[in-house]
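Student: Pasting a predicted model and its sequence here:
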Amino acid sequence: MEPTAPQEACFEAGIKFGSLYHQFAGTPVSPDSADSLTAAMEEAIENQPFCESVTVSVRTAALEDAIAEGGADYTELTGRFIDVEMRIEYDGVTVETSMAMDDGYPLMQVDTVRE
């Protein structure tokens with residue numbers, strides 16, 4: 001059985017999330033570098049096929065708290081410091097996705113699928 005266009009569009013969204021998260025997790029980040037890092041993340045993922053838009057937002061308060069607790073001027077990027085929204089368009093299907101913390105875990109999910 002061939003996958004449907006909505007199934008393939010959702011698969012494409014999963015590929016983008018895996019790439020975004022695992023490529024940038026562990027990157028040193030500080031409040032001063034957060035904007036340039038989020039821009040780099042967005043631009044890198046938007047290069048991939050079928051990706052129409054990516055928005056990465058830093059949870060500044062959480063980032064500042066982690067830095068204060070750690071004693072350095074930066075910390076490592078993890079899912080607890082970012083929220084992500086992505087729009088994938090594949091073969092007439094638009095998939096809206098997001099990533100946000102849920103019970104301490106960065107949950108990536110499909111929010112809507114429109115044909």
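Tutor: Here it is on my side, so go on.
Student: Quick check, Ala62 in contact with Phe81.
Tutor: Yes. With contacts counted by CB atoms under 8 Å, Ala62 reaches Phe81, the gap being 5.6 Å. Backbone N, C-alpha and C define where each C-beta goes, glycine included.
Student: neighbour count winner among the two?
Tutor: Phe81 (24 against 15; other CB atoms under 10 Å).
Student: just the strands in the chain please.
Tutor: 28-29, 51-58, 75-76, 82-90, 93-102, 105-114 (DSSP state E).
Student: Could you dump the ones you listed into a markdown table and include mean pLDDT and mean neighbour count?
Tutor: Formatted as a markdown table, those follow (pLDDT from 0 to 100; neighbours: other CB atoms under 10 Å):
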| stretch | mean pLDDT | mean neighbour count |
| --- | --- | --- |
| strand 28-29 | 97 | 18 |
| strand 51-58 | 97 | 17 |
| strand 75-76 | 96 | 16 |
| strand 82-90 | 97 | 20 |
| strand 93-102 | 94 | 18 |
| strand 105-114 | 95 | 14 |
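Student: so which of these gets nearest Gly14?
Tutor: Closest approach to Gly14 among these (CB to CB): strand 105-114, 7.6 Å.
Student: helices or strands up against the closest one?
Tutor: With contacts taken as 3 or more CB pairs under 8 Å, 6 or more residues apart in numbering; DSSP states H and E, strand 105-114 sits against helix 5-24, strand 93-102.
Student: May I see those organised as JSON lines, with distance to Ala66 added?
Tutor: Below are the helices and strands packed on strand 105-114 laid out as JSON lines (distance: least, CB to CB, whole Å):
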{"stretch": "helix 5-24", "distance to Ala66": "16"}
{"stretch": "strand 93-102", "distance to Ala66": "13"}
